[in-house]
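Enquirer: Sequence first, then the predicted structure:
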Amino acid sequence: MMTASSKDFSIPPGTSDLVSTPFSRRALLAGAGGLGAAALLGTGFETESAQAAGGSVRWANWSLYLDYDNKTKKYPTLEAFIKKTGISAKYFEVIDDNDSFTAKVQPQLKLKKDIGYDVVTMTEWMAARWLASGFVQKFDDAAVPNKKNVLPFLLNRPFDPGRHYSLPWAGIIAGFAWNKKKTPKGIHTIEQLFAKENKGKIEVLSEMRDTIGLVMLWQGTDISKPFTEDKFMNAVDYVTKMIHDGFIRQIKGQSYQEDLISGDATAVIGWSGDINQLNLQNQNQFGFAVPESGGTFSTDNLMIPSTSTNKKAAEALINYYYDPLVAAKVANYITYICPVNGAREAMAKVNPKQVNNTLIFPDDKMWANLKVFRGLTPTEQLKFSTAFQKASGNG
C-alpha cells in the first residue's frame, strides 16, 4: 500500500479480478480519441418500464469514475439503481477538465435552458463558482437521507456549509505517475520528475491547483494557509521555464492517460485513481506516489444544475450513492478516496483486500502529507488563472 512516505503504488491484490476482458472500455477510449469517444460511450441505458415509472436522470461525470463491468458493458451500481427505483439513468463521460466543461454549459445556464444533465460532478473550487453563480439547486434534505453518511469533516465546507447544494463524490490525490519501464526507480520529488531523461515526455494537469499546488509545496509554501501572490507566481514561473526548456510536452486534463498508454508521456502530474485504472487494463505498467514534499487533496462533488428537468430523480440518484455498501462497490473500482462513513466496513463484504488501501481509506500518516489548496478571492482567481493559462499557452 502507498503511504505518505511516497512508496510506489501498484494494483492492490484482488483488484485485477475486476477486469475480465482484454477488449476494455479503456481500449475503446484510446482508440477513438479520448473525450469524444467517452462521450459516445456514455450515452447511457434505459428501459421502457423505468421510463414509465420514474422518468430519467442524466449524469455528467469524468471518465473511469464509476464501477464498470467489461463483460456486460454496463455500470453495475447504476443498473441496480434503475432496478431498485424504476428511474432510468443516462450516464455521460463528458468531463475532462472543470473549465472546459463549464465553458460549454455556462451559456445555457445563464439563459436558464436545459444543459442536458440533471447531475454534474465538479471539483470543489469549480463547485463553489457554480453555487455562487446560482447554477445549482438546493437539495430537499428529506429526499437525501443518506447525506448523514458523509464523513463529518466533509459535511461543512466553506463554499457550502451544511452541504445543502453539493455532496462529495470522491476525494482526489494529485501526485507523480510514471512508466515503470522507463523509470524503474520511480518519481518522488520535483527534481526526479524534471530529470533530463524525462525531457519532452512530461505532462502536467490543467487543474491549476494541482499542478501549481505541487510545485508550491516543493518550494516550501503551505497551500492550505494564506500565501502571497509572489509565492504563487514563483511556481508559475517554474512551470513556464519547464515548458520553454522543453521538459513539459503538454498541459492536459484527464486525457493525459491516453499519452501514458501510447508512450508519448512517461512521467506526469496525475491523479491516483486514474493510475490505478490504467494499471488494471495495462499490465500494471505505471507507478504512483505522493510527493515527498506533499500532495494535493480535493473533492469532486455531485450537484443538481439549476436547469435540471427532474430534480426528484437526481436526488434519488444522489441519495443512493451514499449508501455505504454502494459507496464501497464504487470505491473498490475507482480507487479514489471514499467520502462515505461506513464504507470501509462495507468494503469487507465487497473486497476484503481493499479495506486497508490508503488510497481509498487514508490513515493519519497519509492525511498528514496531503494539503487542500486554500480558497481564492475573485481577484486572485482571475489573476492566478490568467497567469497559469498564459504559461499553458492559452493566455
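Expert: Structure received.

Enquirer: Can you give me the neighbour number for Asp230?
Expert: 8 (other Cβ atoms under 10 Å). C-beta: built from backbone N, CA, C; applies to glycine.

Enquirer: please begin residue numbering at 33 from this point
Expert: Got it, first residue is 33 now, which makes that one Asp262.

Enquirer: average pLDDT across the helix or strand containing it?
Expert: Assigning secondary structure by DSSP states H and E places Asp262 in helix 261-276. Computed over helix 261-276, the mean pLDDT rounds to 98.

Enquirer: So what touches that helix?
Expert: The contact list for helix 261-276 (Cβ atoms under 8 Å, 6 or more residues apart in numbering) reads 226, 234, 236, 243-244, 247-248, 251, 253, 280, 283, 412, 415-416, 419-420, 423-425.

Enquirer: Separate out the buried members of those.
Expert: 226, 234, 236, 243-244, 247-248, 253, 280, 283, 416, 419-420, 423-424 (16 or more other Cβ atoms under 10 Å).

Enquirer: Give me the subset of those lying in strands.
Expert: In this view, the buried ones among the contacts of helix 261-276 that belong to strands under DSSP state E are 234, 236, 280, 283.

Enquirer: Closest one to Ala135 out of those, please.
Expert: Ile283 (16.3 Å; Cβ to Cβ).

Enquirer: quick one: the residue nearest to that closest one when sequence neighbours are not counted and Gln413, what's the gap?
Expert: Spatial nearest neighbour of Ile283, excluding adjacent residues (Cβ to Cβ, 6 or more residues apart in numbering): Ser424 at 4.5 Å. Separation of Ser424 from Gln413 (Cβ to Cβ, to the nearest Å) stands at 16 Å.

Enquirer: for the stretch 33-182 of the chain, what are the low-confidence residue spans?
Expert: Scanning the stretch 33-182 of the chain for pLDDT under 70 picks out 33-86.

Enquirer: So which residues of it form helices?
Expert: Counting by DSSP state H, counting those that start in this stretch, one finds helices in the stretch 33-182 of the chain at the ranges 57-64, 67-73, 80-86, 108-117, 130-143, 156-164.

Enquirer: Just the helices from the stretch 233-382 of the chain, written as ranges.
Expert: Under DSSP H, counting those that start in this stretch, the stretch 233-382 of the chain gives helices at 240-250, 261-276, 288-294, 304-313, 343-352, 356-366, 375-382.

Enquirer: which strands and helices sit next to the first one?
Expert: When contacts are defined as 3 or more Cβ pairs under 8 Å, 6 or more residues apart in numbering; DSSP states H and E, helix 240-250 packs onto strand 199-211, helix 222-225, helix 261-276, strand 299-303, strand 327-335, helix 410-424.

Enquirer: Let me know which of these is tucked in deepest.
Expert: Comparing the helices and strands packed on helix 240-250 by mean neighbour count (mean count of other Cβ atoms under 10 Å), strand 299-303 comes out on top with a mean of 28.

Enquirer: could you give the mean pLDDT of it?
Expert: pLDDT averaged over strand 299-303 gives 96.

Enquirer: counting contacts, what elements does it pack onto?
Expert: strand 199-211, strand 234-237, helix 240-250, helix 288-294.

Enquirer: list the contacts for the residue nearest to Gly374 when sequence neighbours are not counted?
Expert: Closest residue to Gly374 apart from its sequence neighbours, by Cβ to Cβ, 6+ apart: Pro356 at 3.5 Å. Neighbouring residues of Pro356 by Cβ under 8 Å, 6+ apart: 181, 372-375, 377-378.

Enquirer: same thing but 7 Å
Expert: Pro356 makes contact with 181, 372, 374-375, 378 under the criterion Cβ atoms under 7 Å, 6 or more residues apart in numbering.

Enquirer: Repeat that for Gly407.
Expert: Pro190 are the contacts of Gly407 under Cβ under 7 Å, 6+ apart.

Enquirer: Any figure for the gap between it and Val182?
Expert: Taking Cβ to Cβ, one finds Gly407 at 20 Å from Val182.

Enquirer: Hmm, Val152 is touching Ser338, no?
Expert: No - between Val152 and Ser338 there is no contact under Cβ atoms under 7 Å: 10.8 Å.

Enquirer: Between the two, which is the more surrounded one?
Expert: Using other Cβ under 10 Å, the more surrounded residue of Val152 and Ser338 is Val152, with 30 against 17.

Enquirer: which one is the more buried one nearest to, not counting chain neighbours?
Expert: Ala92 (4.8 Å).

Enquirer: what about Gly232, how many residues close to it?
Expert: Gly232 has 12 nearby residues by other Cβ under 10 Å.

Enquirer: Three-state assignment for it, please.
Expert: coil (DSSP: H, G, I helix; E, B strand; the rest coil).

Enquirer: what sits opposite Ile301 in the beta ladder?
Expert: Phe208 (DSSP bridges).
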